[in-house]
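Engineer: Predicted model, plus sequence, below.
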Amino acid sequence: MKFAYWVPNVSGGLVTSTIEQRTDWTYDYNRELAVLAEDNGFEYALSQVRYMASYGAAYQQESTSFSLALLLATQRLKVIAAVHPGLWHPAVLAKLIATADHLSGGRAAVNVVSGWFKGEFTALGEPWLEHDERYRRSEEFIRVLRASWTEDDAQFAGDFYRLRGYDLKPKPLATPDRRHPEIFQGGNSTAARAMAGRVSDWYFSNGKDFDGISEQVDEVGRTASAHGRTVRFGLNAFLIARDTEAEARETLREIVAKADVQAVHGFRDAVRQAGASAADKKGMWADSGFDDLVQYNDGFRSKLIGTPEQVAHRIVEYKRRGVNLLLLGFLHYLEEVEYFGRHVLPIVRELEAALPTGAGTPEPVGVTR
């Protein structure tokens, strides 16, 4: 199992609550956190993307530049920059990520976010597409990214993007475990799952229980197989590991009890543009209740809450069901990332060693069959 953490480059922490969060959105804090994380078992970090203040996130650092800064501050950490199609041209982004990849020795990655916050697009004077059209645009975006990174004189003719002999040099670094910078993609909807199977390297899911993630692994995996591809799976989770189960559950209770009600309701209203707006009403936040939305990517639903032993056993069960990476959020990042590395991760590795050979082992990114 690989581990990533949400970079707190957005103010307000990872829960929309007035509970104390000893987490800061500034660069100095995040630089210290990135070094600590790579020394405590984290292989990836995901920089969040917000383009304007909203829902308890009054301030935000831009994701691509912040990601590059964290790459240059670390030695091994892979940093994933979240971006919105519609606000970037994919070939321009391909150039930026290729440069970051060379500067970091092959550790840059990108997360393609199809968009849920209509207000950002309208405030910038950009058109807001209907749900499935946003994913159709994202698929073209990814195809242009990959063509830019792997082809000379790249050609592409789509409804949203076009390339006419685009020749990007230098191309990103090719390494034994990836042909180009890894492409992550979020979304729980039918359109998102189908797109992931066709074009993405990684599929990120909002928080899910065991049955919920098993369904997604099966559906996306079948689509990928039909296209001669493999996809890896990431799952969002808010982790509360404490010395006792009672302490962990009390922390969760306090987070929800102190929720910023106005901000949670504002976020709920905004995300109606996401999964609930899909034709089949299936997707991100489509069935999320108030308590779920206090952690804005349904992180409580993954139930990584309890003692180190309880959390570790649940992590390994997710691996057994096909999850390759856990994207984690914390209340107090510095203290809890170190606690994870010291108390939870060793148990995870011990439990993994007892699994059948090859269980949950991902294939290299970009493999086709």
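Structural biologist: Arrived safely.

Engineer: residues contacting the nearest residue to F210 once chain neighbours are set aside?
Structural biologist: Closest residue to F210 apart from its sequence neighbours, by CB to CB, 6 or more residues apart in numbering: R321 at 6.0 Å. Every C-beta, even on glycine, is put in place using the N, C-alpha and C of the backbone. Each residue near R321 by CB atoms under 8 Å, 6 or more residues apart in numbering is listed here: F210, I213, S214, V217.

Engineer: Just the pLDDT for the second one.
Structural biologist: Spelled out, that is I213. Note on I213: pLDDT of 96.

Engineer: burial measure for E182, as a count.
Structural biologist: By other CB atoms under 10 Å, 21 other residues sit near E182.

Engineer: my bad, Q75
Structural biologist: Number of residues near Q75 (other CB under 10 Å) recorded here: 11.

Engineer: quick one: low-confidence parts of the chain?
Structural biologist: Applying pLDDT under 70 to the chain flags residues 55-56, 266-286, 358-369.

Engineer: so where do the helices sit in it?
Structural biologist: For the chain, the helices defined by DSSP state H occupy 27-38, 63-73, 90-104, 118-123, 131-150, 190-199, 210-226, 245-257, 261-270, 290-293, 308-320, 333-339, 345-353.

Engineer: Can you get me a residue count around T64?
Structural biologist: T64 has 20 neighbouring residues, counting by other CB under 10 Å.

Engineer: Provide a list of residues in contact with it.
Structural biologist: By CB under 8 Å, 6+ apart, the contact set of T64 is S47, A81, V83, L93, L96, I97, A100.

Engineer: Dump those to CSV, plus distance to V112 and neighbour count.
Structural biologist: Shown next, in CSV, are those (distance: CB to CB, whole Å; neighbours: other CB atoms under 10 Å):
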residue, distance to V112, neighbour count
S47, 13, 27
A81, 10, 29
V83, 6, 23
L93, 9, 21
L96, 14, 18
I97, 11, 25
A100, 16, 24
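
Engineer: For those residues, could you give me a markdown table that also reports distance to A196?
Structural biologist: Formatted as a markdown table, the contacts of T64 follow (distance: CB to CB, whole Å):
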| residue | distance to A196 |
| --- | --- |
| S47 | 20 |
| A81 | 18 |
| V83 | 16 |
| L93 | 19 |
| L96 | 23 |
| I97 | 19 |
| A100 | 23 |
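
Engineer: picking that back up, give me the buried subset of the contacts of R321.
Structural biologist: Neighbour-count burial (16 or more other CB atoms under 10 Å) applied to the contacts of R321 gives I213, S214, V217.

Engineer: Enumerate every residue touching the last one.
Structural biologist: This means V217. Contacts of V217 (CB under 8 Å, 6+ apart): F233, R321, G322, V323.

Engineer: same deal with the first one?
Structural biologist: Contacts here follow CB under 8 Å, 6+ apart; on that basis I213 touches S205, F233, L235, Y318, R321, G322, V323.

Engineer: got it, and the second one?
Structural biologist: The neighbours of S214, taking CB under 8 Å, 6+ apart as the test, are R321, G322.

Engineer: residues near G105, how many?
Structural biologist: Quick note: G105 (other CB under 10 Å) scores 12 neighbours.

Engineer: So it is in contact with L173, correct?
Structural biologist: Yes: counting by CB atoms under 8 Å, G105 does reach L173; the two are 7.2 Å apart.

Engineer: Can you tell me the closest non-neighbouring residue to L129?
Structural biologist: Using CB to CB, 6+ apart and skipping the chain neighbours, the partner closest in space to L129 is R137 (6.4 Å).

Engineer: And for the one you found, the neighbour number?
Structural biologist: Neighbourhood size, R137 [other CB under 10 Å]: 21.

Engineer: how much space between it and M1?
Structural biologist: Taking CB to CB, to the nearest Å as the measure, R137 and M1 are separated by 32 Å.

Engineer: R242 too?
Structural biologist: Separation of R242 from M1 (CB to CB): 21 Å.

Engineer: Equivalent analysis for I80, please.
Structural biologist: From I80 across to M1, the span is 17 Å (CB to CB).

Engineer: Counting neighbours, go ahead and name the busier of these two.
Structural biologist: Shown here are I80 and M1; by other CB under 10 Å, I80 has more neighbours (26 against 21).

Engineer: Across the sheet, point out what pairs with that one.
Structural biologist: L46, A109 (DSSP bridges).

Engineer: surely it meets V112?
Structural biologist: No: if you go by CB under 8 Å, I80 and V112 don't touch, sitting 10.3 Å apart.

Engineer: what do these two both touch?
Structural biologist: Residues touching both I80 and V112 by CB under 8 Å, 6+ apart: F184.

Engineer: circling back to that earlier point, just give me the closest of the buried ones among the contacts of R321 to Y29.
Structural biologist: Comparing the buried ones among the contacts of R321 against Y29 with CB to CB places I213 closest, at 31.2 Å.

Engineer: do you know how far that closest one is from L239?
Structural biologist: 16 Å.

Engineer: for E62, same thing?
Structural biologist: 26 Å.

Engineer: Then R50?
Structural biologist: 22 Å.

Engineer: Please say which of those two ends up with more neighbours.
Structural biologist: Comparing R50 with L239 by other CB under 10 Å, the one with more neighbours is L239, at 25 against 20.

Engineer: Much appreciated, bye for now.
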